[in-house]
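[1] I need the structure of the sequence given here:
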Amino acid sequence: MDVLTSTIQSLNDSAMGEDLVHNKMLRALPPTFLVPLLYLFNRCWDSGTVPSAWKSSILVPIYKGKGDRSDPASYRPIALTSCIAKLYEKMIKLRFEPLIDNSLIAEQAGFRKGRSTLDNLIQLDHDIKKAFTRKRVVSAVFFDIKKAYDTLDPFAILRQAHKFNVGNNFWKWCRAMLFNRTIKTRVGSICSSASTVSLGVPQGGVLSPLLFNILINDIILADMPSIKFVLYADDLALWTEGSSPEACQPKLQGAIDKLSIWLNTKNLVFSIPKTTGMVFSRKIDLRQDCLSINLTLYKQQIHFARNVKFLGMWLDSKLNWNDHISHLCDALEKRLNFMRAVAGQKWGASRDSLQKLFTSIIYGKIEYCLPVYYSASKKLISKIESIVHHGLRLITGALKSTPIAALFNEDNQSVGGIDCTLLIEKKLHPLS
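    Down below sits the predicted model:
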């Protein structure tokens with residue numbers, strides 16, 4: 001009962017499903033109503049059944065903001081599911097996530113406690129720079145699995161779940177939840193008739209990311225020591241090093257071929273347009289036209305680029321972070337302009353509000369994966385620091401001629417810690 005009570009109190013105000021039960025209603029339930037609810041959950045768990053209402057969802061298409069409005073691909077479907085079902089899944093997750101997490105491969109960082117994109121990017125950055133010190137090159141391919149959560153084979157999840165020591169009841173829940181699901185599409189006040197879904201995992205489901213991690217945990221690359229890889233949910237990067245890009249080609253092509261066959265057993269495929277290759281090298285004698293190799297995916301040539309965006313960071317061939325910091329500064333300038341629009345000394349937002357705004361829209365943007373790109377040159381880092389200083393002047397109302405040291409000393413407790421050097425120290429040493 002304690003677990004149910006604490007889980008209910010942690011519910012946010014997400015949209016309700018077709019049963020019209022809102023999380024606010026669940027949080028307002030008196031203790032006497034929690035007893036039959038817990039009894040219902042226990043009966044479902046023991047019998048391995050899931051009520052049909054919990055497997056029904058309403059899809060609401062949301063325009064992405066770009067593209068042809070008459071093209072379905074320009075819309076992102078948002079699934080509205082039963083809040084009671086999500087509460088039930090949260091309780092299952094609390095119990096089984098630690099058990100499953102212990103059996104997941106180390107290369108998977110997606111949707112795991114204590115893990116983030118930073119883990120993957122640090123690993124990639126470390127391996128590339130380690131190869132640079134040995135005067136070798138690194139050839140990499142960045143993949144995206146096409147509609148991963150919508151097209152995967154539920155039978156493959158059941159087969160894979162048997163390999164995890166989580167008991168028979170979890171397997172029975174998977175079987176009951178993944179099959180005979182129904183969806184309706186709602187546009188405005190018009191709702192379609194129900195259609196049965198036979199593939200994928202429930203969109204927006206609490207346990208869907210965990211089920212996906214279970215599915216791809218047996219990735220074939222674990223048996224190829226010459227190939228390094230990292231996963232963040234359905235985003236995959238694999239790489240290998242060699243004396244030249246051509247020396248990397250056979251190893252990478254072999255890995256790609258094995259990956260394609262393995263992925264097909266899950267009823268999944270890679271998205272060819274979103275698959276990009278890249279050669280990392282600091283060799284002066286390596287011509288720019290040599291920064292690519294002949295690799296194929298599904299008999300189509302893989303495009304090699306001079307830069308690629310992976311997990312929110314722009315990687316360039318020399319890994320000097322020129323491209324990433326350029327994109328970062330552009331984004332920060334736009335956010336700084338927003339601050340300028342609300343920072344009038346006589347009519348604008350208060351100092352406290354500006355500081356909170358700065359922390360949320362600029363500080364947070366800079367902080368993302370800072371330990372990775374902080375190895376950039378001082379000249380590049382100074383571009384970010386310049387934007388930080390502009391932000392401090394907006395917060396404090398200081399003149400452009402005000403010395404930088406005075407900006408930090410002026411209000412040491414509130415804004416004095418917003419500095420790239422201190423940011424990196426805080427990120428690497430959270431307890432400091």
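[2] so residue 263 sits in a helix?
    Yes. Per DSSP: H, G, I helix; E, B strand; the rest coil, residue 263 lies within a helix segment.
[3] Strands along the stretch 201-350 of the chain, start to end?
    Along the stretch 201-350 of the chain, counting by DSSP state E, counting those that start in this stretch, strands occupy 228-232, 235-242, 276-280, 296-297, 300-301, 303-304, 307-310, 313-316.
[4] will you turn those strands into TSV that also has mean pLDDT, mean neighbour count and distance to residue 143?
    Heads up, the C-betas are built off the backbone N, CA and C, glycines and all. Listed next are these as TSV, based on pLDDT from 0 to 100; neighbours: other Cβ atoms under 10 Å; distance: least, Cβ to Cβ, whole Å:
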stretch	mean pLDDT	mean neighbour count	distance to residue 143
strand 228-232	95	23	10
strand 235-242	96	22	4
strand 276-280	95	22	9
strand 296-297	96	16	8
strand 300-301	95	11	13
strand 303-304	94	18	12
strand 307-310	95	18	10
strand 313-316	96	21	14
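[5] Go through those strands and name the closest to residue 404.
    Residue 404 lies closest to strand 313-316 among the strands of the stretch 201-350 of the chain, at 27.5 Å (Cβ to Cβ).
[6] Could I get the average pLDDT for the helix or strand where residue 356 lies?
    Element membership for residue 356 (DSSP states H and E) is helix 351-358. Mean pLDDT, helix 351-358: 87.
[7] Stretch 30-49 now?
    93.
[8] How about stretch 326-335?
    Mean per-residue pLDDT for stretch 326-335: 96.
[9] Then stretch 266-273?
    94.
[10] do the same with stretch 8-22
    88.
[11] mind listing what's buried in that stretch?
    Neighbour-count burial for stretch 8-22 flags 8, 11, 16, 17, 18, 21, 22 (criterion: 16 or more other Cβ atoms under 10 Å).
[12] mind listing the helices for the stretch 101-250 of the chain?
    117-133, 148-151, 154-161, 168-178, 208-215, 245-264 (DSSP state H, counting those that start in this stretch).
[13] out of the ones you listed, nearest to residue 100?
    Going by Cβ to Cβ, the one of the helices of the stretch 101-250 of the chain nearest residue 100 is helix 208-215, 6.3 Å.
[14] Show me what the closest one is packed against.
    Where contact means 3 or more Cβ pairs under 8 Å, 6 or more residues apart in numbering; DSSP states H and E, helix 208-215 is packed against helix 83-101, helix 148-151, helix 154-161.
[15] Please repeat the previous calculation with a cut-off of 10 Å.
    helix 83-101, helix 148-151, helix 154-161, helix 168-178 (3 or more Cβ pairs under 10 Å, 6 or more residues apart in numbering; DSSP states H and E).
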